[in-house]
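Enquirer: Need coordinates for the below:
(2 chains)
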Amino acid sequence: MTAGDPGDVVELAHGSGGRAGNRLVENVFRPLLGNPWLDRADDGAVLEPDAAGGAAASLVMTTDSHVVSPLFFPGGDIGRLAVCGCVNDLAMMGARARWLSAGFILEEGFPLSDLRRIVASMAEACQEAGVAVVTADTKVVERGKGDGVFITTAGVGTRLPGQSPEGAGARPGDRILVSGTLGDHGITVFNAREDLGLESSITSDTAPLGGLVEALFQAVAPGAVHAMRDPTRGGLGAVLNEIARQSGVGMVLDEAALPVSAPVRAACALTGLDPLYLANEGKCVVVCAPDQADAALQALRAHPYGRGAVIVGEVIADENRFVRLNTPFGGQRLLDWLNADPLPRIC
Amino acid sequence: MRYIDAFRDTALVRELSDAIRREADPDRSYAFMEFCGGHTHAISRYGLADLLPETVRLVHGPGCPVCVLPVGRIDMVIDLVRTRPDVTLCTYGDCLRVPASGGLSLQKVRALGGRGGSGAASVRMVHSVADALALARSCPDREVVFFAIGFETTTPPTALALRQAAAEELPNFSVICNHVLTPPAMAAVLAGGTALDGILGPAHVSSVIGTGAYGAVAAAWGMPVVVAGFEPLDILQAILMLVRQVSSGRAEVENEFSRGASPEGNMKARQLMDEVFRVRGSFEWRGLGSLPGSALEIAPPYARFDAEARFGLTCTPVPDPPGCACAAILRGRTHPRDCGLFATVCTPENPVGSCMVSGEGACAAYYASGRHRVPVGQEARPS
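Expert: Numbering: from 1, shown residues only, chains lettered A, B, ... in the order given. From the prediction side, this is the model:
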């Protein structure tokens, strides 16, 4: 058997550390993800931060596990997601992603052709993001004890100069920007998983945001970016409440300014899901000094992944740390945390 | 999507808001009950209460399927899944979080799985009864039980699934029917003495049963009823229609939701419901107590699919937790902010009462969208 043939599947032997496992590495992982670190086939990768970010750059590390179902969806797959999720967490910390690790938990019986597709997609995303998977691991679990494939990535990046965004950094008066339309990834995966048959123009926004963040940093004054987050699980609602809580501030948003694409709005109207709680995988929220907000907006809009950027609200002093939404009709309501998974309406 | 946008037109919403202010008599007050949890959710979601004059007050009604489900019914199915390892219980997501006796919920029972002597406790969340039917087909060695809840909106799909199961002679599919009826609940609220000046009638329910179904309630109680859609313009237009009925001394059933509901409703769906279900002698509602003729049970021709009979299930009534105001809230007698547990002991994360569970529940809707209006001092800080 050679890994990669059509009809070939993951077997328990692939995780045994023997010849089969080695063949999986040689036939799937190394040809697609290969780089000087991975090619050495050592137990770990030796990293040289000086060569990457300059001696003074701080290192930032993050980790992220991916369990999406279905594994392939319009606009992405678990492989692209695993790379972008890690790269974007680093970007939100103001870091340029450099090195990733990838741990694969494969279910016995998983088609090797699908694994190859996923790894190829990871390689493509890595190339776009300018990162390398420098170390990787594979385990195989018995059939029924996994969901095809789970991927955990960890990433190390070097912090960019000039900005130190942090969750606790928002201050009253700051402006709140989002880099584009909300809810695209969440509704795409929901549509695919539940087989709702909604229109095909709904596509995940999964994308690496390192370039967008670097463009932003270059356009604004030093120290102007106070907080950044990518609104993944829990959507914009969760991210803004996190920043408000960490920073001890409130927020007021203009609901009419929140960007949601027409297909996503239509899908949400049909299902009763709220786009403000649905995940994105290629968007960011930026909280910045008010006098730099226009420069930040222009920089985001000039980048392909930030064309739909808008200023959506403002940070206020509020000891209750409420995130408020001014409705287009002149009312006001809270944008609260999401309490459980978003559920479609019953009736 | 343009169709939806038309019902969220900002200028028209403001015009309607102005018209309500202009036409509402400043020397009196108005209490209108939005019967349906869908309206409760929309009113919170769009901040519509802010657009009404102080004299027009909206009172939340009992029209949230999860809220009116008595604890005893949840206890009953928890017992079923813990004692019958061959059963997979399927239900809508919100049901999983409803607090049951002994600190349990279906969600918790599922998470405990085989631990704690709870059997396999197989519980699945489905988005539609069709998913449960499909599961029964694909797992012939499992007893698939659908825990059906909801008003008349979700009843026809359950009826259709039962008819399908009968046509296929599916031996391993059955239903626990908790379907309830809107007009008897409306009458019960009014009979309970809640002081109202009008009722916003439900949209989707009325698509099924027709606006004519409220004629008896309107006549018996001299109560204006306006059936309304779920968009901001629908709700404000219906409130204006209620104000006008009160001003002119009328008590009629009017239909703001004419694009989706007719006087006679969906005859096909009604016939289907009549074929598969019959009216129960009485049914216990959370908040409203035991109401005669207020719920449905599976009719004799389909009795073999009735899980209550198949598994010999019985329901023991359980009192509400001490301090929980759900019962009074469901009858429109009190507001969530006046419950001593609201936002302190009872939160969406740790609900004490069922009104804090579903997004359509009065407490959950008020917590999520309106608790910044709670006077300072009563507000629990976000943790």
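Enquirer: Can you name the residues in contact with stretch B:83-93?
Expert: For stretch B:83-93, contacts defined as C-beta atoms under 8 Å, 6 or more residues apart in numbering or on different chains pick out A:340-341, A:343-344, A:346, B:77, B:80-81, B:106, B:119-120, B:122-127, B:129, B:131-132, B:135, B:139, B:141-150, B:311. In short, each C-beta sits where N, CA and C put it, glycine included.
Enquirer: Which of those residues fall in helices?
Expert: B:77, B:80-81, B:106, B:129, B:131-132, B:135 (DSSP state H).
Enquirer: how much space between A:E166 and chain B?
Expert: 19 Å (C-beta to the nearest C-beta, to the nearest Å).
Enquirer: tell me the contacts of residue 109?
Expert: I went with chain A, as the question did not name one. So A:G109 contacts A:9-10, A:143 (C-beta under 8 Å, 6+ apart).
Enquirer: was after chain B, sorry
Expert: Contacts of B:V109 (C-beta under 8 Å, 6+ apart): B:78, B:81-82, B:118, B:121, B:123.
Enquirer: swap in A:E319?
Expert: A:G248.
Enquirer: need the contact list for the residue positioned nearest the centre of chain A.
Expert: The residue lying closest to the centre of chain A (C-alpha atoms, centre = their mean) is A:G85, at 3.3 Å. Shown in contact with A:G85 (C-beta under 8 Å, 6+ apart): A:64, A:66, A:153, A:232, A:281.
Enquirer: thinking again about what came up before, just the closest of the ones in helices among the contacts of stretch B:83-93 to chain A, please.
Expert: Comparing the ones in helices among the contacts of stretch B:83-93 against chain A with C-beta to the nearest C-beta places B:D131 closest, at 8.7 Å.
Enquirer: which residues sit in contact with the closest one?
Expert: Contacts of B:D131 (C-beta under 8 Å, 6+ apart): B:C90.
Enquirer: Distance of it relative to B:V81?
Expert: 17 Å (C-beta to C-beta, to the nearest Å).
Enquirer: just B:S290 next, same as before
Expert: B:S290 is 26 Å from B:V81, by C-beta to C-beta.
Enquirer: And for A:G308?
Expert: 46 Å.
Enquirer: same check, this time on B:V345
Expert: 28 Å.
Enquirer: now swap in A:V87 and tell me
Expert: Taking C-beta to C-beta, one finds A:V87 at 43 Å from B:V81.
Enquirer: quick one, which of the two is more surrounded?
Expert: A:V87 (33 against 22; other C-beta atoms under 10 Å in any protein chain shown).
Enquirer: The more buried one: what's it in contact with?
Expert: A:97, A:100, A:125, A:129, A:131, A:155, A:208-210.
Enquirer: The closest residue to A:F73 other than its chain neighbours - how many residues pack around it?
Expert: The spatially closest residue to A:F73, leaving aside those adjacent along the chain, is A:A192, at 4.5 Å (C-beta to C-beta, 6 or more residues apart in numbering or on different chains). Residue neighbour count, defined by other C-beta under 10 Å, stands at 19 for A:A192.
Enquirer: A:A192 reaches A:P74, doesn't it?
Expert: Yes. Contact criterion C-beta atoms under 8 Å: A:A192 and A:P74 qualify, at 7.0 Å.
Enquirer: got the contact list for A:G144?
Expert: A:E107.
Enquirer: Pull out the buried residues from the contacts of A:G109.
Expert: Burial by neighbour count, 16 or more other C-beta atoms under 10 Å in any protein chain shown: within the contacts of A:G109 this picks out A:9-10.
Enquirer: Going by distance to A:P161, which of the contacts of A:G109 wins?
Expert: A:V10 (44.2 Å; C-beta to C-beta).
Enquirer: and that closest one, backbone torsions?
Expert: The phi/psi pair for A:V10 (degrees, to the nearest 10) reads phi -70, psi 130.
Enquirer: can you check A:R307 too?
Expert: Here A:R307 shows phi and psi, under degrees, to the nearest 10, equal to phi -60, psi -30.
Enquirer: So for the nearest residue to it once chain neighbours are set aside, what's the pLDDT?
Expert: Spatial nearest neighbour of A:R307, chain neighbours left out: A:R301 (5.9 Å); criterion: C-beta to C-beta, 6+ apart. Predicted confidence (pLDDT) for A:R301: 98.
Enquirer: wait, A:R301 sits on A:A295?
Expert: No. Using C-beta under 8 Å, A:R301 is not in contact with A:A295, being 11.0 Å away.
Enquirer: residue contacts, whichever residue of the stretch 201-347 of chain A sits closest to chain B?
Expert: Closest contact between the stretch 201-347 of chain A and chain B, by C-beta to the nearest C-beta, is at A:G331 (2.5 Å). Contacts for A:G331 (C-beta under 8 Å, 6+ apart) come out as B:46-51.
Enquirer: Going by distance to chain A, which of these wins?
Expert: Distances from chain A to these, taken by C-beta to the nearest C-beta, are shortest for B:G47, at 2.5 Å.
Enquirer: With that, I have no additional questions.
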